[in-house]
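Visitor: Quick check, what structure comes out for this input:
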Amino acid sequence: MSNALIARQNQIKPFLLNAQKQINSLLGDEQKAKRFLAASLVIASDSSLNRCRPDSIVQALVGIAMADLNVDKNIGHAYLVAYGDSAQLQIGYKGFIQLLYRAGWQVKAFPVYLCDEFSMSFDGWDNKVALNANFDSRDEGDRDWVFHNLRGIYVVSRNVVTKDEYSTFVSKKVIEKLRLFSPNQKDNQYTKPDDKERLSKGLPIGIWANWYVEMAQAKAIKKIAKVLPIGDSRVAMILAADDKTEDGIKVDYIKTADEGMVIDITVNEESDLISSIDAAETVEDLTALLPET
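Guide: The predicted structure is shown next:
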């Protein structure tokens, strides 16, 4: 392990250990929490998050624990995405599927491309849908082809008990409106030159560039989730917190998990903490910033 990685982990450990009791409570299983914390330290030390403050990384990790999703980004439940000097929690489409299943809803989301035959008609309560996917013409391995040729996402949900169904088609125009509103799709002081060029051409960057369909599916699933009757309060709170993140508002997941309602991080709170973290020179200095437990 490199000295730089050891130093980075030493920066993060005090904040992560301070959240250990809360993570244990959220996951409800000590062994599960230990595995979560071990995986979290690996995720938190990822080079893509090098510019992110340790407190913002742990905030996002507590959000994943609150949602009871898998922290391993390879599973696809949730991701930590760098935005400036903050880590942003991004729930993936598999994570939304897991959350809704927990709330009693099965969900499927199908990408529709310009080369496919697709029709959707309405007859009272029922939607009649026909999708004939042209797999020979699809070039889903080319990320820019995917971006230019996606027509939209068809998403359908079914209640596991009542068998009630909801379905909708979310067009690319709607998906693009949501993407362009996202803070991690805007030019800022941390944006790389290649990404600046892509943004100037209207192309996605970061996680949206590499996983455009998956991100589009996540937005489509979340859109249908808003009309579903969801009785699981934790799922409803995670959806509300994700709405805040989409609007560029930073969520205090630590306070949210404690108080049972979505709490924002105020500008003053964040400015004071940033100054204190910047001034810290040792692990002991960082540990002194943590609230007493």
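Visitor: from here on, contacts and neighbour counts on C-alpha atoms
Guide: OK.
Visitor: would you list every one of the helices in the stretch 1-150 of the chain?
Guide: Applying DSSP state H, counting those that start in this stretch to the stretch 1-150 of the chain gives helices spanning 3-18, 20-27, 30-44, 54-67, 93-102, 143-149.
Visitor: Name the residues of the shortest one that come out as buried.
Guide: Read it as helix 143-149. Neighbour-count burial for helix 143-149 flags Arg143, Val146, Phe147, Asn149 (criterion: 16 or more other CA atoms under 10 Å).
Visitor: picking that back up, mind putting the helices of the stretch 1-150 of the chain in TSV, mean pLDDT included?
Guide: Converted to TSV, the helices of the stretch 1-150 of the chain look like this (pLDDT from 0 to 100):
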stretch	mean pLDDT
helix 3-18	86
helix 20-27	92
helix 30-44	91
helix 54-67	94
helix 93-102	94
helix 143-149	96
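Visitor: export those to a markdown table and tack on distance to Asp136?
Guide: Rendered in a markdown table, the data for those read as follows (distance: least, CA to CA, whole Å):
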| stretch | distance to Asp136 |
| --- | --- |
| helix 3-18 | 45 |
| helix 20-27 | 44 |
| helix 30-44 | 37 |
| helix 54-67 | 38 |
| helix 93-102 | 25 |
| helix 143-149 | 14 |
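Visitor: one step back: quick check: the farthest pair among the buried residues of helix 143-149?
Guide: Arg143 and Asn149 (10.0 Å; CA to CA).
Visitor: re earlier: deepest-packed of the helices of the stretch 1-150 of the chain, please.
Guide: Most buried of these by mean neighbour count (mean count of other CA atoms under 10 Å) is helix 54-67; its value is a mean of 25.
Visitor: how many degrees apart are that helix and helix 30-44 in direction?
Guide: Here helix 54-67 runs at an angle of 140 degrees relative to helix 30-44 (axes from the mean of the first three to the mean of the last three CA atoms, to 10 degrees).
Visitor: What sits closest to Pro54 if chain neighbours are left out?
Guide: Spatial nearest neighbour of Pro54, chain neighbours left out: Ile12 (5.2 Å); criterion: CA to CA, 6 or more residues apart in numbering.
Visitor: Next, the contact list for the one you found, please.
Guide: Residues counted as contacts of Ile12 (CA atoms under 8 Å, 6 or more residues apart in numbering) are Leu41, Ala44, Ser45, Pro54, Asp55, Val58.
Visitor: same deal with Val262?
Guide: Listed by CA under 8 Å, 6+ apart, the contact set of Val262 reads Met237, Ala240, Ala241, Val251, Asp252, Tyr253, Lys255, Thr256.
Visitor: in the stretch 151-293 of the chain, what spans have low per-residue confidence?
Guide: 267-293 (pLDDT under 70).
Visitor: can we see that at 90?
Guide: Within the stretch 151-293 of the chain, the set of residues satisfying pLDDT under 90 comprises 181-192, 206-207, 226-227, 229-237, 242-250, 257-261, 265-293.
Visitor: re earlier: wait, which of the helices of the stretch 1-150 of the chain is closest to Glu214?
Guide: It's helix 93-102; of those, that one is closest to Glu214 (CA to CA) at 6.2 Å.
Visitor: So what pairs up with the residue nearest to the spatial centre of the chain in the strands?
Guide: Most central in the chain under CA atoms, centre = their mean is Gln90, positioned 1.3 Å from the mean C-alpha point. Gln90 forms beta bridges with Tyr79, as assigned by DSSP bridges.
Visitor: ok, Leu41 touching Phe15?
Guide: No - judged on CA atoms under 8 Å, Leu41 makes no contact with Phe15 at a distance of 10.5 Å.
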